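Asks: Generate coordinates for the sequence data below:
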Amino acid sequence: MENKKNFLSKEKITKQNRIWVRIASVCNNRCIFCLDSFAQNWTFPEENEIKKQIKDWYKKWYDNRVIISWWEASVNPKFADYVRYSKELWYDRVQTVTNWNMYASEIFCKKVFEAWLEEVTFSFHWHNETLHDYLVDTAGAFKKSLKWLIYIKKNYPHVIINIDIVVNKINIKFLPDIIKFFMKLWVYEYDILQIIPFGRWFQENKEKLFYNIEENIKYLQDTWKLSKVPGMYMWTNRFPSEAFEWYEDLIQDPRKIKSEVMWEWKHHFEPFIVSWWEIKQDCFWIACEFCFLNQYCNDFIKNRDKNKLESDSSYEIIRWEEFPSQVYEKYWEKKEDFIKYLKDIDKLLINIPKCLWWTGIYESYNDIREEKTLEDYTYKYINNLYRKKSLRCNSCKYNKTCEGIHINFIRSYWFSILQPEL
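Replies: Numbers count the residues shown, from 1 in each chain. A predicted model of the protein is given here:
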């Protein structure tokens, strides 16, 4: 029941029209894990271009949020102007992600909060000065960021403050302690980000920063436990879903893949899809074991020449639903009722593992021969191919042929719905 409450609460936020606006290609930290380090050119986009994005991406009848960021937004002299402009367009929430450590001052805070900046996400990757400054490669960064976090909490209590943490080999064992440290400062919202193989960290610091999730699952589980603290909001980003058994409400919304491959990393993935695999991504396939989009790429190769099953009254295809609430509405709220529903269907079932029914047959997407677009494949991947299994499934006799079940059934009914057959 608690799992359902968390999902439905988060759905209200994930259904927002949420846009990210880059206002600076510059950062005053030099994080050793930075995924965008090679894209920084120390320039600011044109004001008209930024305002056009803010205006064009606003959607009527939606709850609209704009996040003014990338890379360090606060260094842009017009930062407060963009905040004010967003509120003039009736954005419901204006947020920034920041280190807030070099250009901030009491005057700066007064200016941006009077422009009605409503939410600040601070980047902290350790809970003491030495190692945080090492990770961001900037002396004094921890003290400065902490100073302004405390200042804002004290002087602007209406402002929402949360913290993002990039998880890596250096801080993974101390992740629960980092969160507990900031909880003492009355910060109860966190975005926990998995390190990904792009930018400086992969080319320069892979050995220092990469860690094996299965070997460190205890520290992640101890962190996820804190999500149950009353008043806590915890979000996760780019982690494999297998890391969340018993904490499935923390699995990232599958639609986030759209923003990753169709916006943030479009230059990596579009040539790969459009060329029908002839043009490889910039990663040259050496980063797959570190990348949460590994399945996205490999499912394209595996299924690119398969056709969608033709309609046939002799079988029934169990399809995804966009939100857990829709899963509950279409099927059942309890996994036991869902399983009974499946067993009562007197047809061959498609997209269901053998442990839930006897078929183990999967529908593959239509092979996009007419329109080989990034958008088309991404939609069909999320709609049909984004399936997962539990780590426990490694022991199942059907593991090699089983593709699992769609991620939103796992988010709705938990990994425990899958029962490995030994």
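Asks: Tell me which residue is most central in this structure.
Replies: residue 237 (3.2 Å; C-alpha atoms, centre = their mean).
Asks: quick one, what contacts it?
Replies: Contact analysis of residue 237 by C-beta atoms under 8 Å, 6 or more residues apart in numbering lists 191-194, 252, 256. Quick note: C-beta positions are derived from backbone N, CA and C, even for glycine.
Asks: Any chance of a ChimeraX selection covering the buried ones in these?
Replies: Buried residues within the contacts of residue 237, by 16 or more other C-beta atoms under 10 Å, are selected in ChimeraX with:
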select :191,192,193,194,252
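Asks: can you tell me which two in the contacts of residue 237 are farthest apart?
Replies: Pairwise distances across these (C-beta to C-beta) peak at 13.8 Å, for the pair 192 and 256.
Asks: just to revisit the earlier point, so which of the contacts of residue 237 is the closest to residue 279?
Replies: With C-beta to C-beta as the yardstick, the closest approach to residue 279 among those comes from residue 256, at 24.5 Å.
Asks: residue contacts, the closest residue to residue 253 other than its chain neighbours?
Replies: Leaving out its chain neighbours, the residue that sits closest to residue 253 by C-beta to C-beta, 6 or more residues apart in numbering is residue 14, at 4.8 Å. When contacts are counted by C-beta under 8 Å, 6+ apart, residue 14 touches 253, 255, 323.
Asks: I'd like the distance between residue 14 and residue 324.
Replies: 10 Å (C-beta to C-beta, to the nearest Å).
Asks: Residue 402 now?
Replies: On the measure of C-beta to C-beta, residue 402 and residue 324 end up 22 Å apart.
Asks: which of these two has more neighbours?
Replies: residue 324 (26 against 20; other C-beta atoms under 10 Å).
Asks: Could you check the pLDDT of that one?
Replies: The per-residue pLDDT reported for residue 324 equals 85.
Asks: Can you list phi and psi of it for me?
Replies: Backbone torsions of residue 324, given as degrees, to the nearest 10, read phi -50, psi -40.
Asks: Neighbour-wise, give me the winner out of the contacts of residue 14.
Replies: Counting by other C-beta under 10 Å, top hit in the contacts of residue 14: residue 253 with 21 neighbours.
Asks: in what helix or strand does it lie?
Replies: Assigned by DSSP states H and E, residue 253 falls within no helix or strand.
Asks: which residues touch residue 54?
Replies: Under the criterion of C-beta under 8 Å, 6+ apart, the neighbours of residue 54 are 19, 21, 66, 82, 85-86, 89, 91.
Asks: quick one: which of these is most hemmed in?
Replies: Most neighbours among the contacts of residue 54, by other C-beta under 10 Å: residue 86, with 28 neighbours.
Asks: Now that one: phi and psi?
Replies: The phi/psi pair for residue 86 (degrees, to the nearest 10) is phi -60, psi -40.
Asks: Next: residue 236.
Replies: Dihedral angles (degrees, to the nearest 10) for residue 236: phi -130, psi 160.
Asks: Quick check: it vs residue 342, distance?
Replies: 29 Å.
Asks: and these two? which has more neighbours close in?
Replies: residue 236 (22 against 15).
Asks: which helices and strands does the helix ranked longest in the chain pack with?
Replies: When the chain is parsed with DSSP state H, its longest helix is helix 141-155. When contacts are defined as 3 or more C-beta pairs under 8 Å, 6 or more residues apart in numbering; DSSP states H and E, helix 141-155 packs onto helix 106-114, strand 119-123, helix 129-136, strand 160-167.
Asks: What lies in contact with the longest one?
Replies: The list of residues contacting helix 106-114 from outside it, by C-beta under 8 Å, 6+ apart, reads 74, 79-80, 83, 148, 151-152, 155-156, 159.
Asks: Same question for stretch 333-348.
Replies: In contact with stretch 333-348 (C-beta under 8 Å, 6+ apart) are residues 4, 314-316, 318, 331-332, 349, 352, 356-357, 359, 361, 409, 413-414, 416-417.
Asks: For ChimeraX, write the select line for the buried members of the contacts of helix 106-114.
Replies: Buried residues among the contacts of helix 106-114 (16+ other C-beta under 10 Å), as a ChimeraX selection:
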select :74,79,80,83,148,152,156,159
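Asks: Let's have the contacts of helix 106-114 in a markdown table, adding pLDDT and distance to residue 133.
Replies: Compiled in a markdown table, these are given as follows (pLDDT from 0 to 100; distance: C-beta to C-beta, whole Å):
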| residue | pLDDT | distance to residue 133 |
| --- | --- | --- |
| 74 | 89 | 19 |
| 79 | 93 | 24 |
| 80 | 94 | 28 |
| 83 | 96 | 28 |
| 148 | 93 | 16 |
| 151 | 95 | 20 |
| 152 | 95 | 21 |
| 155 | 96 | 25 |
| 156 | 96 | 26 |
| 159 | 96 | 25 |
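Asks: can you map out the helices along the stretch 301-422 of the chain?
Replies: 324-330, 335-343, 374-380, 407-413 (DSSP state H, counting those that start in this stretch).
Asks: Identify each buried residue in the third one, please.
Replies: When burial is assessed from 16+ other C-beta under 10 Å, helix 374-380 yields the following buried residues: 374, 377-378, 380.
Asks: Include pLDDT and distance to residue 365 when you put those residues into TSV, please.
Replies: Converted to TSV, these look like this (pLDDT from 0 to 100; distance: C-beta to C-beta, whole Å):
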residue	pLDDT	distance to residue 365
374	90	14
377	89	8
378	91	11
380	86	4
